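[1] give the three-dimensional model of this entry:
(2 chains)
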Amino acid sequence: MGHREKLLQQISEVSFTVNDLTLYLDTHPTDTKALEAISLAIKERKQLLQTYADQFEPLTMDCVCPDTNNSTKSHTKYGEQKHFTWADGPLPWEGGTF
Amino acid sequence: MWTYEKRLQFPVNITTPCPKTASLIISQFGGPDGELAASMRYLSQRYSMPCKEVGGLLTDIGTEELGHLEIICSMIYQLTKNLTIEQAKTAGFDAYYVDHTTALWPTAASGIPFNACEFQSKGDAITDLVEDLAAEQKARTTYDNLIRIIPDPEVREPLKFLREREVVHFQRFGEALEKIKSDLDFKNFYYFNPEFDKQFVKK
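    Here you go, the predicted model:
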């Protein structure tokens, strides 16, 4: 598993934690242990999304930054040319996965 | 408002195409208990839900179901990628191929096209939540049936993940139903429609 896949797996795992805790907190909104856990996971997810976007393609529109995205120039036909990085990377159903 | 995140909720890497398997799992895209019906069910029901927390839960589960729809579609796409003419003629997939080539189109495995009648949005909180509980169980049974007959581990793993999510959603909807009931007269929860006869809902 390459660096890209490893990072994507970490993002997937922490995002799942956020997602599952969201549903739990929807029905248990004052559970302090769950609140602590989701705050941690959200913070970690944000950092991982940023790290991933710096090295590869942005996964969310909030991570799009043509000047700093995709330092490895992977899965893009524009190379060094400044461009809209949202379209970089493989599509999720075309192996954009780990 | 929705935003898109460019990744699948669970990875799909199917290396051996199998149009027959695609023609079976397509039911979880456009079938009676599929992910399209699930997302539309919850996202339609939420507006008139009398309890804010339950409206929020329907939004979050309905959104996750859209992600599940994407997983199922990715599986069908990869199972029917680069088909030979012989593979396209596979029994069970040949009729679909004639109408849609290898594009994604929501239909049940039995051939019935997706239809909004496959879900309900009835305007009664108890009625709708009981429908949602049943829907999660029906989807779970469908995944059970698929997992029982599909041997390829690359197909089974995402199906097992999706099956587990049905179980979690069932649990959450059960809690939502209890929450609604706690706002009603305990002597007879089912006598009034809490979405319409609002005078009977405790504030």
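
[2] tell me the buried residues in stretch B:144-155?
    For stretch B:144-155, the neighbour count (16 or more other CB atoms under 10 Å in any protein chain shown) marks B:Leu146, B:Ile150, B:Glu154, B:Val155 as buried. Heads up, the C-betas are built off the backbone N, CA and C, glycines and all.

[3] tell me the residues of chain B that contact chain A?
    Residues of chain B found near chain A (CB under 8 Å from any CB of the partner chain) are B:3-13, B:53, B:56-57, B:60-61, B:64, B:70, B:73-74, B:77-78, B:168-169, B:172, B:175-176, B:179.

[4] next helix or strand past the helix or strand hosting B:Arg148?
    Using DSSP states H and E, B:Arg148 sits within helix B:125-149. Per DSSP H and E, helix B:125-149 leads on to helix B:153-182 as the next helix or strand towards the C-terminus.

[5] what is the mean pLDDT for that following helix?
    Averaged across helix B:153-182, the pLDDT comes to 97.

[6] buried sites along it?
    B:154-155, B:158-159, B:161-163, B:165-166, B:168-170, B:172-173, B:175-177, B:179-181.

[7] ditto for stretch B:195-203
    B:Glu195, B:Val201.

[8] and for stretch B:108-118?
    B:Ala108, B:Ala109, B:Phe114, B:Glu118.

[9] list the contacts of that stretch.
    The contact list for stretch B:108-118, computed with CB atoms under 8 Å, 6 or more residues apart in numbering or on different chains, reads B:23-27, B:29-34, B:36-37, B:40, B:95, B:105-107.

[10] between the two ends of that stretch, how far is it?
    11 Å (CA to CA, to the nearest Å).

[11] the residue of chain A most remote from its centre: which element?
    When each C-alpha in chain A is compared with the mean C-alpha position (CA atoms, centre = their mean), A:Thr30 comes out farthest, at 27.6 Å. Using DSSP H and E, A:Thr30 maps to neither a helix nor a strand.

[12] from chain B, how far off is it?
    11 Å (CB to the nearest CB, to the nearest Å).

[13] wasn't B:Tyr47 part of a helix?
    Yes. In this structure, B:Tyr47 lies within a helix as judged by DSSP: H, G, I helix; E, B strand; the rest coil.

[14] rewinding a little: drop anything exposed from the residues of chain B next to chain A.
    Counted by 16+ other CB under 10 Å, these give B:5-12, B:53, B:56-57, B:60-61, B:64, B:70, B:73-74, B:77-78, B:168-169, B:172, B:175-176, B:179 as buried.

[15] which of the contacts of stretch B:108-118 fall in helices?
    Of the contacts of stretch B:108-118, the ones assigned to helices by DSSP state H are B:Ser23, B:Leu24, B:Ile25, B:Ser27, B:Phe29, B:Gly30, B:Leu36, B:Ala37, B:Met40, B:Ala95.
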